[in-house]
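Undergrad: what's the 3D shape of this:
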Amino acid sequence: MDKVENQSYLKKLIEFFPTAVYTGSMLVFISDKWNVEVLEHTEKIYSSPGKSISTIRVNVYKTMQDSTQVLVHSTDFTLTNCRELAAQIEKYIQNAIDVLIKEK
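TA: Model (predicted):
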């Protein structure tokens, strides 16, 4: 991933998704029918001491008629470029819920 000094990738992704809410642990997109969570996990690379890799997980939940949330899509991203990562997350969410998420 791009080197982002003193910032998680979630904080960097806020620039690409201005309608998302950063909770301190995830980005959240909420609508009447959908709830999308974008989380970051960092894992150590055991073959390279002192290095780690960030994985961005996108969970898409559908809101049912009884207001419960059901996980309908989930995938992980490990792209190396923040701009490309944002573009692929946007495409994934749009395909999953068939709605545009960026502000025009």
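Undergrad: alpha carbons only for contacts and neighbour counts from here, please
TA: Will do.
Undergrad: okay, and V36 sits in which element?
TA: For V36, the element it lies in under DSSP states H and E is strand 34-44.
Undergrad: what packs against that strand?
TA: If contacts are counted by 3 or more C-alpha pairs under 8 Å, 6 or more residues apart in numbering; DSSP states H and E, strand 34-44 sits against helix 9-13, strand 26-30, strand 52-63.
Undergrad: which residues touch the residue nearest to I56 when sequence neighbours are not counted?
TA: Spatial nearest neighbour of I56, chain neighbours left out: E40 (4.6 Å); criterion: C-alpha to C-alpha, 6 or more residues apart in numbering. Listed by C-alpha atoms under 8 Å, 6 or more residues apart in numbering, the contact set of E40 reads S8, Y9, L10, S25, M26, S54, T55, I56, R57.
Undergrad: now the buried members of the residues you listed.
TA: Y9, L10, M26, S54, T55, I56, R57 (16 or more other C-alpha atoms under 10 Å).
Undergrad: any chance of the residues you listed in a markdown table with pLDDT as columns?
TA: Putting these into a markdown table (pLDDT from 0 to 100) gives the following:
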| residue | pLDDT |
| --- | --- |
| Y9 | 87 |
| L10 | 90 |
| M26 | 94 |
| S54 | 85 |
| T55 | 92 |
| I56 | 95 |
| R57 | 96 |
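Undergrad: of those, which pair is most distant in space?
TA: Using C-alpha to C-alpha, these span at most 13.6 Å, a distance reached by M26 and S54.
Undergrad: low pLDDT regions in the chain?
TA: Within the chain, the stretches with pLDDT under 70 are 1-7, 99-104.
Undergrad: find the residue at the geometric middle of it.
TA: Centroid check for the chain by C-alpha atoms, centre = their mean gives V38 as the closest residue, at 2.8 Å.
Undergrad: how about it, what does it touch?
TA: L10, M26, L27, V28, I56, R57, V58, N59.
Undergrad: wait, the second one sits on H41?
TA: No: under the contact definition of C-alpha atoms under 8 Å, M26 does not touch H41, with a separation of 10.3 Å.
Undergrad: the top helix by length along the chain: how far from the chain's middle?
TA: Determined from DSSP state H, the single longest helix within the chain is helix 82-97. Distance of helix 82-97 from its chain centroid, counting by C-alpha atoms, centre = their mean, to the nearest Å, is 8 Å.
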